[in-house]
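Engineer: Predicted coordinates and the sequence they were generated for:
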Amino acid sequence: MTTAVPKAEILAAFEAAKGFMPAGEGLALYEAAVGAGALGLPLLEVGTYCGRSTILLADAARAAGVTAVTVDHHRGSEEQQPGWDYHDPETVDPELGVMDTLPLFRRTLNTAGLEDHVIAVVGRSPQVARVWNSPLGLVFIDGGHTDEHATADYEGWAPHVAEGGLLLIHDVYPDPEDEFTGQAPYRVYLRALASGAFTEVSATDSLRVLRRTGAGI
Ligand SMILES: C[S@@+](CC[C@H](N)C(=O)[O-])C[C@H]1O[C@@H](n2cnc3c(N)ncnc32)[C@H](O)[C@@H]1O
């Protein structure tokens with residue numbers, strides 16, 4: 001089996017974009033997205049931030065002739081707010097004094113030449129999930145890290161993963177010593193496996209790739 005690797009310019013755009021995903025996880029995300037693209041269904045991300053991971057989903061979507069969808073309210077997660085470890089002052093709207101990552105995301109996507117392959121949905125993940133009604137080839141959960149948010153992302157989006165499609169969960173830390181933003185993604189990962197609807201495909205650092213192999217969620 002050959003491994004799908006992004007072209008040098010895509011990898012460079014990913015590395016230049018603001019964000020938190022390390023290159024190793026990015027390569028695993030890309031490979032999963034290229035594989036899932038073969039289903040001919042959209043690839044959806046929860047948690048756009050400034051578009052770092054979106055670049056890889058968008059390029060995989062382009063290769064497969066499908067669309068990447070990315071969902072974010074663009075007001076930042078808890079740990080990205082002023083005073084917290086993951087805060088970046090450049091993400092604050094100077095007039096409103098609140099975070100707004102949408103302009104940075106749009107710049108990222110434009111620079112990477114990938115605008116035509118992405119639908120950006122600005123809104124709260126559970127609210128968007130409630131009006132979503134079509135199957136997805138891939139769902140990548142990288143939104144809020146509280147139990148409330150991670151659970152809502154799983155319950156809202158996992159049912160839309162098509163049979164044979166992939167569910168990816170970021171920031172899965174089985175050891176509480178390793179985590180900085182809570183273990184909610186780990187608990188969601190365990191729940192997905194326990195449901196019988198998903199089977200683990202791979203683990204790369206904190207990124208888990210699961211395949212939909214059953215009915216219940
Ligand atoms: C860790 S960042 C995403 C990082 C991004 N995937 C990357 O690779 O750079 C999490 C994002 O989730 C968004 N977010 C958190 N909770 C959300 C919710 N309930 N609905 C929509 N977006 C949410 C935040 O605004 C933030 O931009």
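Structural biologist: In hand now; what should we look at?

Engineer: Show me the shaky parts of the protein.
Structural biologist: Along the chain, the model assigns pLDDT under 70 to residues 1, 179.

Engineer: residue boundaries of the helices in the chain?
Structural biologist: With helices called from DSSP state H, the chain shows them at 8-16, 23-37, 52-64, 102-111, 125-131, 147-157, 184-195.

Engineer: Pick the most deeply packed of the ones you listed.
Structural biologist: helix 52-64 (a mean of 26; mean count of other CB atoms under 10 Å). The way it works is simple: take the backbone N, C-alpha and C, and place the C-beta from them, glycine included.

Engineer: ok so, going back, could the helices of the chain be laid out in a markdown table, adding distance to the ligand?
Structural biologist: Listed next are the helices of the chain as a markdown table, based on distance: least, CB to the nearest ligand atom, whole Å:
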| stretch | distance to the ligand |
| --- | --- |
| helix 8-16 | 9 |
| helix 23-37 | 8 |
| helix 52-64 | 3 |
| helix 102-111 | 9 |
| helix 125-131 | 4 |
| helix 147-157 | 5 |
| helix 184-195 | 10 |
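
Engineer: would TSV of these with distance to Asp205 be doable?
Structural biologist: What follows is those, written out as TSV (distance: least, CB to CB, whole Å):
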stretch	distance to Asp205
helix 8-16	15
helix 23-37	5
helix 52-64	14
helix 102-111	22
helix 125-131	23
helix 147-157	18
helix 184-195	13
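
Engineer: so who does the residue in the chain that the ligand sits nearest to touch?
Structural biologist: Using CB to the nearest ligand atom, the closest approach of the chain to the ligand is made by Gly19 at 2.6 Å. Shown in contact with Gly19 (CB atoms under 8 Å, 6 or more residues apart in numbering): 49-53.

Engineer: remind me, longest strand of the chain?
Structural biologist: strand 161-169 (DSSP state E).

Engineer: which residue of the chain sits farthest from its center?
Structural biologist: Largest separation from the mean C-alpha position in the chain: Glu95, at 28.7 Å (CA atoms, centre = their mean).

Engineer: returning to what we had before: now for the contacts of Gly19: which two are most distant?
Structural biologist: By the measure CB to CB, Cys50 and Ser53 form the most distant pair in those, at 9.8 Å.

Engineer: one step back: can you pull the contacts of the nearest residue to the residue of the chain closest to the ligand once chain neighbours are set aside?
Structural biologist: Distances taken as CB to CB, 6 or more residues apart in numbering place Arg52 nearest to Gly19, at 2.7 Å, with adjacent residues excluded. With contact set as CB under 8 Å, 6+ apart, Arg52 has these partners: 14, 17-21, 26, 108.

Engineer: of all those, which comes closest to Trp84?
Structural biologist: Relative to Trp84, and with distances defined as CB to CB, the nearest of the contacts of Arg52 is Phe20, at 13.0 Å.

Engineer: My guess is the closest one contacts Gln80. True?
Structural biologist: No: the criterion here is CB atoms under 8 Å, and Phe20 misses it with Gln80 at 9.4 Å.

Engineer: list residues touching both of those two?
Structural biologist: 49, 86.

Engineer: burial count for the closest residue to Pro159 other than its chain neighbours?
Structural biologist: Nearest residue to Pro159, sequence neighbours excluded (CB to CB, 6+ apart): Ile217, at 5.1 Å. Ile217: 18 surrounding residues under other CB atoms under 10 Å.

Engineer: OK, contacts around Ile217?
Structural biologist: Residues counted as contacts of Ile217 (CB under 8 Å, 6+ apart) are 154-155, 158-159, 192, 195, 197.
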